[in-house]
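Colleague: Need coordinates for the below:
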Amino acid sequence: MAQERILVIGGGIAGMQAAAVLREEGFSPLILERSSSLGGHVADWDRLFPTQLPAREVIDELSAAVQEIETKIGCEIASLTSDASGVTAVTADGERYEGRAAVVATGFDLFDARLKEEYGYGMYENVVTSAELERMFRTGRVAMRSGEAPERVAILHCVGSRDEKVGQFHCSKVCCITGIKQAIELTEAVPGVQVTNFYMDLRAFGNGYEELYRKSQVEHGVTYIRGRISEAGETLDKRIQLKVEDTLVGRPLRMTVDMLVLLVGMRAPSCCGSLGLPTQANGFFAPQNPYTGTVLSAQRGVYLAGTATGPKTIGETLNEAIAAARRIKHDLME
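Modeller: Predicted coordinates for the structure are as follows:
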């Protein structure tokens, strides 16, 4: 068993964790990652909710765990097949990789904010996504295109989530708490900044989430308005003018801000349509059973981990990666 190879498709945190545990169990994992580096989306983040732990600490720990594991980067898998002898993955370039089993840990894609034209992303200078704001936090400088620090910032929730118009019916689960976390970070990065969050329903469901929500209001002065931004426009001085309906009081609002942040949701990765595995209505891979078989796919020898099956937190993702690795050991020992 010590020499048996297990393919790990995806080098984000789920793939890295699964590979590390598989190695501990005596297997020889091979990580196949389509981008130029490991770490996935988390490698681009600054601090993590709800504790505000630096994301780099999680990536560094996982990187150390997979340091001696064979990895192929720039390796996009185009097809995945299996039979009684094992699993075969073929890349877009025609390369073949074989293993006794495979973990599909392909993660998620970020929603393309340009599809919501009414918000002006890609047209207006100071409309940015939550992912771009994270990169600003990482560089230690939050600024408008002009280079000046913003005095007023609006954060809009559910961009590309729970939206029938763009075919994204599902909740992306972590956007609300990300908006809360980013609002706090904004007040710390830009002293005196006024931050307003516009939300449909605030879903602070996790351990420590509600406390962080309260902290953002009491200690950081963040404002929350239940309502949707119907339209964003650009003023002559490159500020962003918002038309909003406050649904709690039932009246329209107009607000001008220096920066509009779009909390973009998770969407199924592009590979979901090409690997030959069943998918759910939301486009993500379908587990064999949503209760007792969350890491099992419908295909023999192929296992699922992390956000390949839908939006999850980092903790949930890492735990599922461990479960997938343990299940492989269990199944191969039978």
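
Colleague: mind listing what's buried in the longest helix seen in the chain?
Modeller: Longest helix of the chain, by residue count under DSSP state H: helix 314-333. Within helix 314-333, the residues scored as buried using 16 or more other C-beta atoms under 10 Å are 314, 316-325, 327-329. Yep, even glycine has a C-beta here, placed from its N, CA and C like the rest.

Colleague: And for stretch 252-259?
Modeller: Met255, Val257, Asp258, Met259.

Colleague: so which two of those are the farthest from each other?
Modeller: The distance between the two most remote of these (C-beta to C-beta) is 12.2 Å, for Met255 and Met259.

Colleague: Other residues contacting the longest strand anywhere in the chain?
Modeller: Looking across the chain with DSSP state E, the single longest strand is strand 223-234. The contact list for strand 223-234 (C-beta atoms under 8 Å, 6 or more residues apart in numbering) reads 118-120, 123-127, 154, 156, 194-202, 217, 240-248, 253, 260.

Colleague: between the helix or strand where Leu262 lies and strand 223-234, how many degrees?
Modeller: In this structure, Leu262 sits in strand 259-264 according to DSSP states H and E. Here strand 259-264 runs at an angle of 110 degrees relative to strand 223-234 (axes from the mean of the first three to the mean of the last three C-alpha atoms, to 10 degrees).

Colleague: Tell me how far strand 259-264 lies from the chain's centre.
Modeller: In terms of C-alpha atoms, centre = their mean, to the nearest Å, the centre of strand 259-264 is set 15 Å apart from its chain centre.

Colleague: who does the helix or strand just after it pair up with?
Modeller: Downstream of strand 259-264, the next assigned helix or strand under DSSP H and E is strand 266-267. With DSSP bridges as the test, strand 266-267 is paired with strand 109-110 (antiparallel).

Colleague: Contacts for the strand it pairs with, please.
Modeller: His41, Thr129, Ala131, Val264, Gly265, Met266, Arg267, Ala268, Pro269, Ser270.

Colleague: Surely the third one touches Asp44?
Modeller: Yes: under the criterion of C-beta atoms under 8 Å, Ala131 is in contact with Asp44, at a separation of 6.7 Å.

Colleague: Between the two ends of stretch 116-136, how far is it?
Modeller: Counting by C-alpha to C-alpha, to the nearest Å, you get 22 Å between the two ends of stretch 116-136.

Colleague: For it, list every residue counted as buried.
Modeller: Across stretch 116-136, burial judged by 16+ other C-beta under 10 Å covers 116, 119-121, 124, 126-131, 133-134, 136.

Colleague: ditto for stretch 199-214
Modeller: Tyr199, Met200, Leu202, Arg203, Ala204, Gly206, Tyr209, Leu212, Tyr213.

Colleague: which residues are in contact with that stretch?
Modeller: The contact list for stretch 199-214, computed with C-beta under 8 Å, 6+ apart, reads 49-51, 157-158, 162, 171, 173, 176-177, 179-181, 184, 224-228, 313.

Colleague: at 7 Å what do you get?
Modeller: By C-beta atoms under 7 Å, 6 or more residues apart in numbering, the surrounding residues in contact with stretch 199-214 are 49-50, 157-158, 162, 171, 176-177, 180-181, 224, 226, 228, 313.

Colleague: just the buried members of those residues?
Modeller: Among those, the ones that count as buried by 16+ other C-beta under 10 Å are 49-50, 157-158, 171, 176-177, 180-181, 224, 226, 228, 313.

Colleague: Kindly indicate which of those residues lies nearest Glu61.
Modeller: Thr313 (16.8 Å).

Colleague: Got the confidence number for that closest one?
Modeller: The score at Thr313 is 97. That number is its pLDDT.

Colleague: which stretches of the stretch 1-150 of the chain form strands?
Modeller: Assigned by DSSP state E, counting those that start in this stretch, the stretch 1-150 of the chain shows strands spanning 5-9, 28-33, 47-48, 53-54, 70-73, 77-83, 86-91, 96-99, 101-104, 109-110, 127-129.

Colleague: Looking at these, spot the one closest to Leu275.
Modeller: Nearest of those (C-beta to C-beta): strand 77-83, 4.6 Å.

Colleague: Walk me through which strands that closest one pairs with, and which way each runs.
Modeller: strand 86-91 (antiparallel).

Colleague: May I have the strand it pairs with as CSV, with CA atoms only?
Modeller: C-alpha atoms of strand 86-91 as CSV (Å, rounded to 0.1, in the frame of the first residue of the first chain):
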residue,chain,number,x,y,z
GLY,A,86,-7.8,2.7,-10.6
VAL,A,87,-8.3,6.2,-11.9
THR,A,88,-6.9,7.9,-15.0
ALA,A,89,-6.7,11.7,-15.4
VAL,A,90,-5.9,13.3,-18.7
THR,A,91,-4.8,16.9,-19.0
